[in-house]
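> build me a model from this:
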Amino acid sequence: MTAFLDERPKPVRSLSRFLTFALIVVIGVSGLAARLFYLQIVDGGRLATLAVHNRTVLEAIRSPRGLIYDRYGRPLVTNVPTFVVKLRPSDMTVEQRPVVVDRLAALLGMPAADINATIDGNPGSTFDLVRIASDVDVPTARLISEAGDDLPGVEVDVEARREYADGPLMSQILGYSGPVSGGQLATLKALGYLPDDLIGKAGVEEVYETQLRGTYGSESVEQDASGRRTQVLQTVTPPKPGDSLTLTIDTTDQQQAQKALIWAMKTVGLKRGVVIAMNPQTGEILAMVSLPTYDNNQFAKGISNADYAKLLNNPDKPLLNHAIQEHFPPGSTYKLVTGTGVLADKKITDKTKIQTHPYLTLGSTRFYDWNHMGFGSCTIYCGFGHSSDTFFFQMAGKLGIDRLGYWAKQYGFGQLTGVDLPNEVPGIVPTNQWKQGTLGDQIFPGEVYQAGIGQGYDVVTPLQLINAYATLANGGTVYQPQVVHDIVGPDGTVVRPFAPKVLHKMAVAPNVLRIMRNAARNVVLLRHTYNLVDMPIKIAGKSGTAEFGTRDSKGRLPFHSWFVGFVPKDPKHGSFNNADSQLVVLAFAYDSRTKGNVGTEIVKYFFQLHFGIKHDYRLPNLLHRGNFYQSN
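Next up, the predicted model:
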């Protein structure tokens, strides 16, 4: 009854609208079906291939880094397998990062701030792996590997780590390898270096990086959607291992040099020191010790920011190789230059006698001899043997600053030795041109006097100084010092054999150097070096004290101590008339201020150890602190 009472008009359905909608649906479905047929049947093969390519990438295969041996084949640097934790920043969201970093920090036992700093300092893109920790122990590596989705972007890899057999003993020579920096990557990326790569950072690891690194290979790797590798498909190019190095260093000599230096540093309380031993006939460095030093294994294992900051902030600069990367006034050891110059320029002969004095006067300034008394009438043998300052003031005056500078450069001062170690400094040889260009003034007569005894503007590296005395000992050939003897290929063949490298030959008569060698012997015979003459080997050399810094309450300056000594080829019966020495040794003691010359005592102890001398000739009473010399 109700239905009949509903008198509202009924809707009229349009047949044309329905047919239009149906046609649109049919056309759309037909288009999709046609496209699907094309993609699956017509173009299916190409897309399948493209899909495979999208999940297949080429990755580098790292080449084994070359090993390093001492001159007798003793392994100094080897490669050991180790777990490394890396992180790909793009695989985690901004919200996930703090959680991942905190979990990693807890697992690795390192500050979260260090991990964040490493990520932010990544030299590559966010899609590149960042090295977070090296030398991770097995249980920790397993925990991180099993964490899976809880640590997105984190990977555990197996790599070879450098292991340095003697740690601090060889650190200044060997250096270490560490993560490539952003600045380095900018220039090295074209050579195949990766953002998470390791590179030589100091020592021969840095200088011979190209030879040690070898050539990386490549492999085709399948990855899943998250970028993790699922399988290796094939090796495209095999890696070529790096070459190995045989050093000129004798581990025994290195140990003996370190032992002698540590003894003196503990006895005196020295903060810095250097000992170098060389073969004057070839330029081979047999030992090079610079203290304080560091343990390069710390860097190989991944040094913490806190430990690195301690090394950087240490005022005694353990990261510097003080043998080549710092220069100091040479003191009386530089009298070798002055003596050679006056003989070669015929200002005197070895028979000429010069009256020494307690002091010389220039204007109102007195220039004192170190003993404040002088030594009377002296030849070059007496003047050099007693290290008379007033003798060499007069010799410097006869030469003038420019001829003094000429002979200094003949010995290799004021220029790089070219040693195959990084960051060598050249030192300074003052001349009129140098002072005018540097300070805008001329050299004054008093400065000539000071230059003649190795004070004033003269500064040298320990390596330059020993190389100069090696030149005296070998008869006038300035060799380039070397620490790498041979480069050896992966198959054991010698790629580059050792060859002495002559920088130049001194333009001096052999007789001049013979006179200076015997003058150096006279230093020992006159007991200027106390009981060094009593040793059962023949030693010639020169000590020196070099003032620096600020005067104390009594007006005295602190000073460094030097000694350079060499022996003939036959240490017991040889003659210094011959230029056949095969061993020269230098010791440098920074801010020594001892009663006697601590450099002499260090070299003496080294000779005892080296030649197996049982009697102990050291004189510890000479190593008491004080300031007994103004200069000598």
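> show me the helices in the stretch 151-300 of the chain, by range?
171-174, 182-188, 203-207, 209-213, 251-268, 296-301 (DSSP state H, counting those that start in this stretch).
> which one, of those, ends up nearest to residue 556?
Taking C-beta to C-beta, helix 251-268 is the member of the helices of the stretch 151-300 of the chain nearest to residue 556, at 17.3 Å. To be clear about C-beta, it is placed using only N, CA and C from the backbone, and glycine gets the same treatment.
> tell me the helices and strands packed up against that closest one.
Where contact means 3 or more C-beta pairs under 8 Å, 6 or more residues apart in numbering; DSSP states H and E, helix 251-268 is packed against strand 273-278, strand 285-291, strand 583-589, helix 598-611.
> one more pass at 7 Å, please.
Counting by 3 or more C-beta pairs under 7 Å, 6 or more residues apart in numbering; DSSP states H and E, the packing neighbours recorded for helix 251-268 are strand 273-278, strand 285-291, helix 598-611.
> quick one: contacts of it?
70, 74, 169-170, 270, 273, 275, 277, 286-287, 289, 291, 589, 592, 594, 598, 601-602, 605-606, 609-610, 620, 623, 625 (C-beta atoms under 7 Å, 6 or more residues apart in numbering).
> that one - what's its average pLDDT?
For helix 251-268, mean pLDDT rounds to 97.
> try stretch 353-362
For stretch 353-362, the per-residue pLDDT averages 96.
> quote the end-to-end distance of it.
Using C-alpha to C-alpha, to the nearest Å, one end of stretch 353-362 lies 22 Å from the other.
> contacts for that stretch next, please.
366-369, 372-379, 383, 388, 390-391, 393-394, 445-446.
> what comes up buried for stretch 309-323?
311, 317-318, 320-323 (16 or more other C-beta atoms under 10 Å).
> can you list those in CSV and add pLDDT?
CSV is the format used below for the buried residues of stretch 309-323 (pLDDT from 0 to 100):
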residue, pLDDT
311, 97
317, 97
318, 97
320, 98
321, 98
322, 98
323, 98
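> in helices only, show me these.
Among the buried residues of stretch 309-323, the residues falling in helices (DSSP state H) are residue 311.
> and of the buried residues of stretch 309-323, the nearest to residue 560?
Distance ranking of these against residue 560, using C-beta to C-beta, places residue 322 first at 11.0 Å.
> the closest one reaches residue 274, doesn't it?
Yes. Taking C-beta atoms under 7 Å as the definition, residue 322 is a contact partner of residue 274 at 5.2 Å.
> name the residues contacting each of the two.
Common neighbours of residue 322 and residue 274, counting by C-beta under 7 Å, 6+ apart, are residue 290.
> tell me the mean pLDDT for stretch 606-615?
Per-residue pLDDT values over stretch 606-615 give a mean of 98.
> I meant to write stretch 63-80 there.
The model assigns stretch 63-80 a mean pLDDT of 96.
> what do you get for stretch 529-537?
Mean predicted lDDT for stretch 529-537 stands at 97.
> residues in contact with that stretch?
Identification of contacts with stretch 529-537 by C-beta under 7 Å, 6+ apart yields 523-525, 527, 539, 543, 567, 571-572, 596, 600, 604, 607, 611, 613, 617, 619, 622.
> a helix runs through residue 545, doesn't it?
No. Residue 545 is assigned strand when assessed by DSSP: H, G, I helix; E, B strand; the rest coil, not a helix.
> ok, the nearest residue to it once chain neighbours are set aside - contacts?
What sits nearest to residue 545 in space, not counting adjacent residues and going by C-beta to C-beta, 6 or more residues apart in numbering, is residue 559, at 4.5 Å. Taking C-beta under 7 Å, 6+ apart, we find residue 559 in contact with 545-548, 592-593, 629.
> of all those residues, which two lie farthest apart?
Across the contacts of residue 559 (C-beta to C-beta), the longest gap, 13.2 Å, separates 548 and 629.
> just give me the neighbour total for the closest residue to residue 546 other than its chain neighbours.
Spatial nearest neighbour of residue 546, excluding adjacent residues (C-beta to C-beta, 6+ apart): residue 331 at 3.3 Å. Using other C-beta atoms under 10 Å, residue 331 has 31 other residues around it.
> residue 519: which of the helices of the stretch 151-300 of the chain is closest?
Closest among these, using C-beta to C-beta: helix 251-268, at 25.6 Å.
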